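>>> Build me a structure from this.
(chains A, B, C and D)
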2 protein chains.
Amino acid sequence: MPDTAGPPPLGAAFLLAQLGAHATARYAEKVASLDLDPAQTGVLHLIGRQPGGSQQALASRLGVAASRVVALVDGLESRGLLERRRSATDRRNYELHLTEQGQRLLGQLRLVAQAHEHDITAALSGEERSRLVDLLRRIADQQGLLPGVHPGYRRLPARNR
Amino acid sequence: MPDTAGPPPLGAAFLLAQLGAHATARYAEKVASLDLDPAQTGVLHLIGRQPGGSQQALASRLGVAASRVVALVDGLESRGLLERRRSATDRRNYELHLTEQGQRLLGQLRLVAQAHEHDITAALSGEERSRLVDLLRRIADQQGLLPGVHPGYRRLPARNR
DNA sequence: TATTGTTATACTCTATAACTATA
DNA sequence: TATAGTTATAGAGTATAACAATA
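Model (predicted):
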């Protein structure tokens, strides 16, 4: 009997951490097909939802350093997906907008997200999936997490498999 | 109406990623009180459960490079939490064992994990928690995840707040 | 003097590859 | 020749701090 102690951890907290890392890695794989990484998709989603914001606003929303937003926006702008427009009222900052190409890509990104949702929840029936979402939302609320903002922009999953 | 598109993503996959990152960050905070990081706790748990294994075995279990295990084991050994014993049958490899102090720390670690589980699922009743665990396990099974092994050892959460 | 964006720098983490000692 | 462990090196990713332009 080599086992000194019980079975491996199987609580909800561990499963959430395990599945969260898995879901993130799978998402990274999927968006790579659009030549994007998860952080870039977050930027596209945020600008698509609220155009005209500054880079500072983006940085605080994402919870990252402003210098990182520079690099992020640089990459997307050079690909013609978004554009910086100098604000007329305060010429220190930019207003960030998606280009038409960026909006088309965002549309494809939403399809990828749907496929991702489908794949991750493949084990569940529609009703079970709804119950899961309800439970998860309640945990997220109680834990003080903001809808649509996840704290994982600080790290990218390396190649896992 | 600044919103070009609908609400923020609220599907199960996104919530899993968000909550997973959150649970991981909270866990890291908690084990820091024992002067450990999540990767080190994984090592302690694995050795505690299956003593005598080699560093290579540990590396493949954790899915990390062997060179990283060296540093990980170095740190824990220098604190007197585990020891390397040269194998009598094959003197190339070590057999890893927890010291008594390591076993005591592992006991405290299990208490921390319990508290963590309690905190993360504070929004749910006991029955709801059971249903959640059931749903999550079925997803983990279907996704091919191994019990007790999570792919998040590659990254540590930076200071989040 | 404070703020937006930028650049330069340093730091952390990790894997890869070269090395040793055993087999 | 192959394998366990170690060390050295290089790369990726990020934040911090210094800087320029504008307010």
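
>>> residues in contact with the residue of chain A found nearest chain B?
Using C-beta to the nearest C-beta, the single residue of chain A nearest to chain B is A:Gly20, 1.2 Å away. Quick note: C-beta positions are derived from backbone N, CA and C, even for glycine. Shown here is A:Gly20, whose contacts under the criterion C-beta atoms under 8 Å, 6 or more residues apart in numbering or on different chains are A:Gly152, B:Leu16, B:Ala17, B:Gln18, B:Leu19, B:Gly20, B:Ala21, B:Ala23, B:Thr24, B:Gly152.

>>> Pick the one among these closest to DNA strand D.
Of all those, A:Gly152 has the smallest distance to DNA strand D: 9.2 Å, by C-beta to the nearest atom of the strand.

>>> buried subset of the contacts of A:Gly20?
Among the contacts of A:Gly20, those scoring as buried are A:Gly152, B:Leu16, B:Ala17, B:Gln18, B:Leu19, B:Gly20, B:Ala21, B:Ala23, B:Thr24, B:Gly152 (criterion: 16 or more other C-beta atoms under 10 Å in any protein chain shown).

>>> Can you get me a residue count around A:Gly126?
By the measure other C-beta atoms under 10 Å in any protein chain shown, the count of residues near A:Gly126 is 8.

>>> can you give me the offset of the strand or helix carrying A:Gln114 from its chain's centre?
Assigned by DSSP states H and E, A:Gln114 belongs to helix A:100-120. When distances are taken as C-alpha atoms, centre = their mean, to the nearest Å, helix A:100-120 is centred 12 Å away from the chain's centroid.

>>> A:Leu109: neighbouring residues, count only.
The tally of other residues near A:Leu109 (other C-beta under 10 Å) stands at 20.

>>> With A:Gln50 instead?
A count of nearby residues for A:Gln50, using other C-beta under 10 Å, gives 15.

>>> Just the pLDDT for it.
Per-residue confidence for A:Gln50 comes out at a pLDDT of 95.

>>> And for the one 4 residues further on?
A:Ser54 carries a pLDDT score of 98 in this model.

>>> Then A:Gln103?
Taken from the predicted model, the pLDDT recorded for A:Gln103 is 98.

>>> how about the helices of chain A, start to end?
Using DSSP state H, the helices assigned to chain A run over residues A:12-32, A:38-49, A:55-62, A:66-78, A:100-120, A:126-142.

>>> any idea which of those is most buried?
helix A:12-32 (a mean of 23; mean count of other C-beta atoms under 10 Å in any protein chain shown).

>>> Please identify which of the buried ones among the contacts of A:Gly20 is nearest to A:Ile120.
Top of the list for closeness to A:Ile120, among the buried ones among the contacts of A:Gly20 and by C-beta to C-beta, is B:Leu16 at 6.8 Å.
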